[in-house]
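Quick one, what's the 3D model for this:
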Amino acid sequence: MKNLRIITAGVLAATTTVSLAACGDDSTGAASSYDGDIGSTDLSAACPSTVTIQADWFPGAEEGLLYELLDPAGDSKDSIDVDADAKRVSGPLIDGGNGYTGVNVDIRSGGPAIGNQAVTSLMYQDPDILLGYVNMDSAVQHSEDMPTTSVMSTLDISPHMIMWDPETYPDVHSIADLKEAGADVLYFSDETYMKYLIGAGILDESQTDSSYDGSPSNFVAAGGKKAQQGFSSTEPFQYEHEVDGWDKPVDYQLVHETGFQTYKSTLAVKSDQLDEQSECLEALVPVIQRAQKNYMEAPEATNDFIVDTVDQFNAGWIYGPDLAEYGVDTMRGEKLVGNGTDGTLGSFDAERSATLIDQLTPIFADQGTPAKEGLTPEDLYTNEFLDPDVAL
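Numbering: from 1, shown residues only. Predicted coordinates:
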């Protein structure tokens, strides 16, 4: 499932060609030469020598926990390798104050960097990928042909939203209000949440426009008459401060608030690898939880690294320090990153997941990609590897 944020189109073709060629390359650059002492968390016996994580976009605040694993301001920072051609970053995997874990981490960008392939599909193509960013609605859709099991939620609330111009639509305060206003809504084709919004009667199908391609041009050209999908942690800032021809605030509502409560960008493994990798996951997942907690509490050094890395990538994805700060502030303020209902950072809720299955099963059946028969929440996720003491 593709989720396009604003990106310059000019260099996409080159980015895609180089990055796809790099998939499956097991080299980790400067990271392989790091010889620091292993700290109190030793992953070397349980995990691969390089833990490969496939993200679903370029570096940004939503992916900040991954880059926190590199401890970019720490003693090992000189061993971090930024591969601008392959759009990936590798280095020693650090467990915060617990130090070097004895393994490396290879973080691969997604989106245009992988030709907008679905992460799930790439996981099944490349055996080097241990963990991938998988949306739970995508996991439902592919529960029969490419099953995955999520082991940690990186975003408790999805940042997916629909935005509109408050000057053009002063009486619109929710997505449902757009229906009465008759506003066309731009979105990327095949988005599952849009099928939910139409099926639930929140929007009319006649007012939806699937021509959105990640460019702001259509929204800007409409002069405020069209609404548009986006991420609450990026687009509102970009449109107010960075989009030429707009340069003013937008208003929005999270899709989550309409009742479609998927888990966005979960960390997942292929289901048939769950038992084989269980010893590694038992040790690794709490490290990632702590990285998320550390990032949310003190993101400055990692944000500096993210901004510099995006600049080195030169891939059309523009990400400055103000946008990074806005992203973290929004994730905090809207509780996009937060504890699960059991109080544990990164956990999944069974009732919420069951509701999602009920919402999605008829949608995917209608489009010819039926979910696994008898699918249950336990097929989609496990909380067994999470440390219940890690919480925000």
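
and this protein, what are its domains?
12-155+263-380, 160-258 (automatic domain parsing).

and among these, the most buried is which?
Sort the domains of the chain by mean neighbour count, taking mean count of other C-beta atoms under 10 Å, and domain 12-155+263-380 sits at the top with a mean of 20. Where you see a C-beta, it was placed from the backbone N, CA and C, and this is true even at glycine.

can you give me the helices in the stretch 101-250 of the chain?
Assigned by DSSP state H, counting those that start in this stretch, the stretch 101-250 of the chain shows helices spanning 119-125, 136-141, 175-181, 192-199, 217-221, 235-241.

Determine the set of other helices and strands touching the last one.
To tie it back to what came earlier, the one meant is helix 235-241. Applying 3 or more C-beta pairs under 8 Å, 6 or more residues apart in numbering; DSSP states H and E, we find helix 235-241 packed against strand 160-164, helix 321-333.

As TSV, the domains of the chain with mean pLDDT and distance to Leu392 would be great.
Shown next, in TSV, are the domains of the chain (pLDDT from 0 to 100; distance: least, C-beta to C-beta, whole Å):
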stretch	mean pLDDT	distance to Leu392
domain 12-155+263-380	92	6
domain 160-258	96	16
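
Including distance to Asp389, could these go into a markdown table?
Converted to a markdown table, the domains of the chain look like this (distance: least, C-beta to C-beta, whole Å):
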| stretch | distance to Asp389 |
| --- | --- |
| domain 12-155+263-380 | 8 |
| domain 160-258 | 27 |
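
of the helices and strands packed on helix 235-241, which approaches Ala183 most closely?
With distances scored as C-beta to C-beta, the stretch of the helices and strands packed on helix 235-241 nearest to Ala183 is strand 160-164 (6.4 Å).

Pull up the pairing partners for the helix or strand harbouring Leu93, direction included.
Here Leu93, judged by DSSP states H and E, is contained in strand 88-94. Strand 88-94 pairs in its sheet with strand 81-83 (antiparallel), strand 100-108 (antiparallel), by DSSP bridges.

Check the offset of stretch 162-170 from the chain's centre.
Its chain's C-alpha centre and that of stretch 162-170 lie 26 Å apart, by C-alpha atoms, centre = their mean, to the nearest Å.

got it, and stretch 338-358?
17 Å.

show me what contacts Ile357?
For Ile357, the contact set (C-beta atoms under 8 Å, 6 or more residues apart in numbering) comprises 140, 371, 375-377, 380.

what's the spacing between it and Ala268?
Noted for Ile357: a distance of 16 Å to Ala268, by C-beta to C-beta, to the nearest Å.

Kindly calculate the angle that the longest helix anywhere in the chain makes with strand 88-94.
Counting by DSSP state H, the longest helix found in the chain is helix 278-297. With axes from the mean of the first three to the mean of the last three C-alpha atoms, to 10 degrees defining the directions, helix 278-297 sits at 100 degrees from strand 88-94.

For helix 278-297, output the C-alpha coordinates as CSV.
Extracted C-alpha coordinates of helix 278-297, given in CSV (Å, rounded to 0.1, in the frame of the first residue of the first chain):
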residue,chain,number,x,y,z
SER,A,278,11.9,-15.6,18.2
GLU,A,279,15.1,-15.6,20.2
CYS,A,280,16.4,-12.6,18.3
LEU,A,281,13.0,-10.8,18.5
GLU,A,282,12.8,-11.4,22.3
ALA,A,283,16.1,-9.5,22.7
LEU,A,284,15.7,-7.0,19.8
VAL,A,285,12.2,-5.7,20.2
PRO,A,286,12.8,-4.1,23.6
VAL,A,287,15.8,-2.4,22.2
ILE,A,288,13.6,-0.8,19.5
GLN,A,289,11.0,0.1,22.1
ARG,A,290,13.7,1.9,24.1
ALA,A,291,14.9,3.7,20.9
GLN,A,292,11.3,4.9,20.3
LYS,A,293,11.1,6.2,23.9
ASN,A,294,14.5,7.9,23.8
TYR,A,295,13.7,9.5,20.4
MET,A,296,10.4,10.9,21.6
GLU,A,297,11.9,12.3,24.8
